[in-house]
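Student: Quick one, what's the 3D model for this:
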Amino acid sequence: MTPTLTIAEITGLILEEQTELSLAEICRACSAQSDLIVELVHEGVLTPAGSAPHEWHFTGAHLQRARVALRLQNDLGVNLAGAALALELLDELDTLRARLQRLEAAGH
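Tutor: Reported below is the predicted structural model:
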């Protein structure tokens, strides 16, 4: 059986949902310019709390998603829309795996 990767395995870092990062902090953590993070928000890859970039608050999960999207872009040449789609598909795969595990645990 071929091993599969989840978002958490790709980055190797899991941060708490309670972690709050500003735009500047997530930029530093990702080694990315703010305009790139803003693009990730506009593509729907990241959905920070707050209505404007100077008010945005990101979680550890956002940091994880940003790093994966940036890796897809930098390492594989995937554009931001493609990275958004890949992340959406990885999320769906994780959801389906969790559902399958629940069904198997219930004996179905």
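
Student: residue closest to the middle of this structure?
Tutor: Centrality entry for the chain: nearest residue to the mean C-alpha point is residue 65, 1.5 Å, by Cα atoms, centre = their mean.

Student: For that residue, give me its contacts.
Tutor: By Cβ atoms under 8 Å, 6 or more residues apart in numbering, residue 65 lies in contact with 7, 40, 45-46, 87. Placement of C-beta: from N, CA and C, glycine included.

Student: For these, work out which two are farthest apart.
Tutor: Farthest pair in those (Cβ to Cβ) is 7 and 40. Separation: 14.2 Å.

Student: quick one on the thing from earlier: so the residue nearest to the centre of the chain versus residue 105, what's the distance?
Tutor: Look at residue 65 and residue 105: by Cβ to Cβ, to the nearest Å, they are 28 Å apart.

Student: Just give me the neighbour total for the nearest residue to residue 81 once chain neighbours are set aside.
Tutor: Nearest non-adjacent residue to residue 81, counting by Cβ to Cβ, 6 or more residues apart in numbering: residue 43, 6.1 Å away. Residues within reach of residue 43, counting by other Cβ atoms under 10 Å, total 17.

Student: correct me, but residue 43 touches residue 79?
Tutor: No: contact between residue 43 and residue 79 fails when scored by Cβ atoms under 8 Å: they sit 9.2 Å apart.

Student: so residue 68 makes contact with residue 87?
Tutor: Yes: using Cβ under 8 Å, residue 68 makes contact with residue 87 at a distance of 6.3 Å.

Student: Tell me the gap between stretch 69-86 and the middle of its chain.
Tutor: Taking Cα atoms, centre = their mean, to the nearest Å, the mean C-alpha location of stretch 69-86 is offset from the chain mean by 11 Å.

Student: and the end-to-end length of it?
Tutor: Start to finish, the residues bounding stretch 69-86 are 8 Å apart (Cα to Cα, to the nearest Å).

Student: CA atoms of stretch 21-37 as PDB?
Tutor: C-alpha atoms of stretch 21-37 as PDB (Å, rounded to 0.1, in the frame of the first residue of the first chain):
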ATOM      1  CA  LEU A  21      -0.700  35.500  14.300                       C
ATOM      2  CA  SER A  22      -0.800  39.000  12.700                       C
ATOM      3  CA  LEU A  23      -0.200  39.500   9.000                       C
ATOM      4  CA  ALA A  24       3.400  40.500   9.800                       C
ATOM      5  CA  GLU A  25       3.900  37.400  12.000                       C
ATOM      6  CA  ILE A  26       2.600  34.900   9.400                       C
ATOM      7  CA  CYS A  27       4.800  36.600   6.800                       C
ATOM      8  CA  ARG A  28       7.900  36.100   9.000                       C
ATOM      9  CA  ALA A  29       6.900  32.500   9.800                       C
ATOM     10  CA  CYS A  30       6.500  31.700   6.100                       C
ATOM     11  CA  SER A  31       9.300  33.800   4.800                       C
ATOM     12  CA  ALA A  32       6.800  35.500   2.500                       C
ATOM     13  CA  GLN A  33       6.000  39.000   1.500                       C
ATOM     14  CA  SER A  34       2.700  40.400   2.700                       C
ATOM     15  CA  ASP A  35       1.300  40.700  -0.800                       C
ATOM     16  CA  LEU A  36       1.600  37.000  -1.300                       C
ATOM     17  CA  ILE A  37      -0.300  36.300   1.900                       C
END
